[in-house]
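> Would you be able to build a 3D model of this:
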Amino acid sequence: MYLLLKNILDRFCSGVALVFISPVLLLIALWIKADSKGPVIYRQERIGRGGHPFWLFKFRTMRPASDREGLLTVGGRDHRITRAGYFLRKTKLDELPQLWNVLKGDMSIVGPRPEVAKYVQLYNEDQRKVLLVKPGLTDLASLRYFDESTLLAQSADPEQTYIREIMPAKLELNREYIEKQSFGMDLRIIFRTLRRIVMG
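I've put the predicted structure just below:
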């Protein structure tokens, strides 16, 4: 019953939110277009429930073809990030197009953040349990690693730090969420996420 109601609420809330914030989305789109060349929306293939790939949408915050230099963002001042992109990333406004992913049913509002195939292939059998649920816009790991790019910037080898330290810790938090998930827990995660964004 919980999962059925969660699916209904996810789609209803994301649809209502997209209608109400459409003027904001338009202003952001115009700013991105004026700030740098390239598309307004960036899409990236991520792995969803059951191991099925889907296209995740974000406002573009980097210069075109930046992902050729790596999939991880290192530091708040990564040279690939545009001026508009720096603000959008800091405020998490670049994530707003993922409300469309929620409306489509690819994602939930709360759930493990979806990963790219490159890193999912490194999951062990136990870690792959996170693929039993829909990925989400926010989760316990997002809160714990809110400043992930800053942590990676302090490493001599950011990708290995992510693979060996950060990713396993995030997956453990995801498993904790899956075992304890409830409407009460979802509301607490949403509230903590909004508070963290507002407080910077």
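> Determine the set of other helices and strands touching the lowest-mean-pLDDT helix or strand in the chain.
Least confident helix or strand of the chain, by mean pLDDT, DSSP states H and E, is helix 148-153 with a mean of 82. Counting by 3 or more Cβ pairs under 8 Å, 6 or more residues apart in numbering; DSSP states H and E, the packing neighbours recorded for helix 148-153 are helix 158-161. For every residue, glycine as well, the C-beta is placed using N, CA and C.
> In the helix it packs on, which residues are buried?
Along helix 158-161, the positions that meet the burial threshold by neighbour count (16 or more other Cβ atoms under 10 Å) are 158, 161.
> Is it correct that residue 139 is in contact with residue 115?
No: if you go by Cβ atoms under 8 Å, residue 139 and residue 115 don't touch, sitting 11.8 Å apart.
> So which residues make contact with the helix or strand harbouring residue 192?
Per DSSP states H and E, residue 192 falls inside helix 183-199. Where contact means Cβ atoms under 8 Å, 6 or more residues apart in numbering, the residues beyond helix 183-199 that reach it are 2, 5-6, 91-92, 109-110, 138-140, 142-143, 146, 177.
> remind me which residues of the protein are low pLDDT?
Scanning the chain for pLDDT under 70 picks out 69-77, 200.
> For the single longest helix found in the chain, C-alpha coordinates in CSV please.
The longest helix of the chain (DSSP state H) is helix 2-20. Taking C-alpha atoms only, helix 2-20 is exported to CSV below (Å, rounded to 0.1, in the frame of the first residue of the first chain):
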residue,chain,number,x,y,z
TYR,A,2,2.9,2.4,0.9
LEU,A,3,4.5,2.0,-2.5
LEU,A,4,1.2,2.4,-4.4
LEU,A,5,0.3,5.6,-2.5
LYS,A,6,3.9,6.9,-2.9
ASN,A,7,3.7,6.4,-6.6
ILE,A,8,0.4,8.3,-6.8
LEU,A,9,1.7,11.2,-4.6
ASP,A,10,5.0,11.4,-6.5
ARG,A,11,3.2,11.9,-9.8
PHE,A,12,0.6,14.3,-8.4
CYS,A,13,3.1,16.4,-6.5
SER,A,14,5.6,16.6,-9.4
GLY,A,15,2.8,17.6,-11.9
VAL,A,16,1.5,20.3,-9.6
ALA,A,17,5.1,21.6,-8.9
LEU,A,18,5.9,21.7,-12.6
VAL,A,19,2.8,23.9,-13.3
PHE,A,20,3.5,26.3,-10.4
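> That helix to helix 183-199, inter-axis angle?
Helix 2-20 runs at 30 degrees relative to helix 183-199, counting by axes from the mean of the first three to the mean of the last three Cα atoms, to 10 degrees.
> Check which element follows helix 2-20 along the chain.
Following helix 2-20 in sequence order, the next helix or strand is helix 22-35 (DSSP H and E).
> That following helix versus helix 2-20: what angle between them?
Here the directions of helix 22-35 and helix 2-20 differ by 70 degrees (the same axes, to 10 degrees).
> Residues contacting helix 22-35, please?
For helix 22-35, contacts defined as Cβ under 8 Å, 6+ apart pick out 18, 40, 59, 60, 82, 83, 84, 85, 88, 93, 96, 97.
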